[in-house]
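**Student:** here is the input, now give the coordinates:
(one chain, ligands or ions: 1)
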Amino acid sequence: MKKPVLKGSVVVAAIIVIVVIIGVFTAFVQNTNDGAAIGSLDSTSDDSERMIIITTTTNMITDLVENIGGDNVSVTGLMGPGVDPHLYRPSASDVKKIQNADIVFYNGLDLEGKMGDIFVKIRREGTPVWAVSENIPTDSLLGLDTGSHFDPHIWWDVNLWMEAAKAVASGLKEHDPENYQEYDKNLEGYLNQLELLNSANLMKIDTIPREQRILVTAHDAFQYLGRAYGFEELAIQGWSTDSEAGIREIQNLADEISKRKIKALFVETTVSPAIIEALKAAVQDRGHHVVIGGELFSDAIGKKGTVEGTYVGAFTHNIDTIVRALE
Ligand SMILES: [Zn+2]
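**Tutor:** All right, here's what the predicted structure looks like:
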């Protein structure tokens, strides 16, 4: 007697399940056909599904986009701490991350020298690709010895990085106009932070005597910092690390350092310290005592989750390190 009853309820349950599946599937198809409705389908869906997917190159830009984008963005940076952007070649998985992004932000001015073709290709395929340097007026940029390029290391001038922040806000507002007020609010807050950073730096640097404001590094990453805070920059290599530091360059610089009695040299986080150690040895050979004044963040900031993993923290570290070594 029981058997047919059970069979009947199984059939009813199966029909209910099929009806529910068809209903959900129909709703899903309708929603995926109408982009605006995504997110209303399932109230339990993860927040990240509605975030704007952004891919960045250097970790300074990752930090910048996270500050301006706030809770609306999910940012994947291709280059972590200690990575040299001049030499960086994207892997197959990097290319996928660029292709899957809603927006791509990169530095521009040829910093990512081996990635230019990818950005051109992605832009042609319709993804918004923004160089954070693109709104900086040409007369605010520094040239290079070679003459054909602008110096790409704009982030070490806080005023230029403010322009980069505005470019990020423009990119986000263009893609997501609904939330423009939020991006404007985040931008305003971050610009205030950068202004405070700049004035604090100026006060600290005031303690270094003018004639000791000389920054000796492995590669030419601090021309903008030099212009903003009155430092002369002496580097073994030019603006790019894409050339071997020659023995002749090291000998010439060692002559100058000992002649001018410069106190300290600085190692960079993205360049092998061997180059600066070779320079130090060459200076000691000339009978002048010079020290390594510490490690500066040059083409990358620190590890995410640490104080130096933010632009503001890394900049503060650099200025404190320089002041300690040269004052
Ligand atoms: Zn560099």
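**Student:** only C-alpha atoms from now on, for both contacts and neighbour counts.
**Tutor:** Noted.
**Student:** so what are the domain limits for the chain?
**Tutor:** Structural domains annotated on the chain: 47-202, 210-326, as defined by automatic domain parsing.
**Student:** endpoints of the shortest one, how far apart?
**Tutor:** In other words, domain 210-326. End-to-end distance of domain 210-326 (CA to CA, to the nearest Å): 10 Å.
**Student:** that domain - what's its average pLDDT?
**Tutor:** Regarding domain 210-326, the rounded mean pLDDT is 93.
**Student:** now stretch 173-183
**Tutor:** For stretch 173-183, mean pLDDT is 97.
**Student:** where along the stretch 151-300 of the chain do the helices fall?
**Tutor:** Here the stretch 151-300 of the chain has its helices, by DSSP state H, counting those that start in this stretch, at 158-175, 180-205, 223-229, 247-259, 274-285.
**Student:** reformat the domains of the chain as CSV; add mean neighbour count.
**Tutor:** Rendered in CSV, the data for the domains of the chain read as follows (neighbours: other CA atoms under 10 Å):
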stretch, mean neighbour count
domain 47-202, 18
domain 210-326, 18
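**Student:** which residues in this protein form strands?
**Tutor:** With DSSP state E, the ranges of strands along the chain come out as 52-56, 73-77, 103-106, 129-131, 214-219, 232-237, 264-268, 291-296.
**Student:** and of these, who's closest to Ser148?
**Tutor:** Each of the strands of the chain has some distance to Ser148 by CA to CA; the shortest is strand 232-237, at 16.7 Å.
**Student:** partner strands of the closest one, parallel or antiparallel?
**Tutor:** strand 214-219 (parallel) (DSSP bridges).
**Student:** tilt between the partner strand and helix 247-259?
**Tutor:** Here the directions of strand 214-219 and helix 247-259 differ by 160 degrees (axes from the mean of the first three to the mean of the last three CA atoms, to 10 degrees).
**Student:** what angle separates strand 214-219 from strand 264-268?
**Tutor:** Interaxial angle of strand 214-219 relative to strand 264-268 (the same axes, to 10 degrees): 30 degrees.
**Student:** what's in contact with strand 214-219?
**Tutor:** Strand 214-219 has contacts (CA atoms under 8 Å, 6 or more residues apart in numbering) with 231-241, 262, 264-268, 271, 275-276.
**Student:** same list (the strands of the chain) but as a markdown table, adding distance to Pro90.
**Tutor:** Formatted as a markdown table, the strands of the chain follow (distance: least, CA to CA, whole Å):
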| stretch | distance to Pro90 |
| --- | --- |
| strand 52-56 | 12 |
| strand 73-77 | 12 |
| strand 103-106 | 13 |
| strand 129-131 | 16 |
| strand 214-219 | 22 |
| strand 232-237 | 24 |
| strand 264-268 | 22 |
| strand 291-296 | 25 |
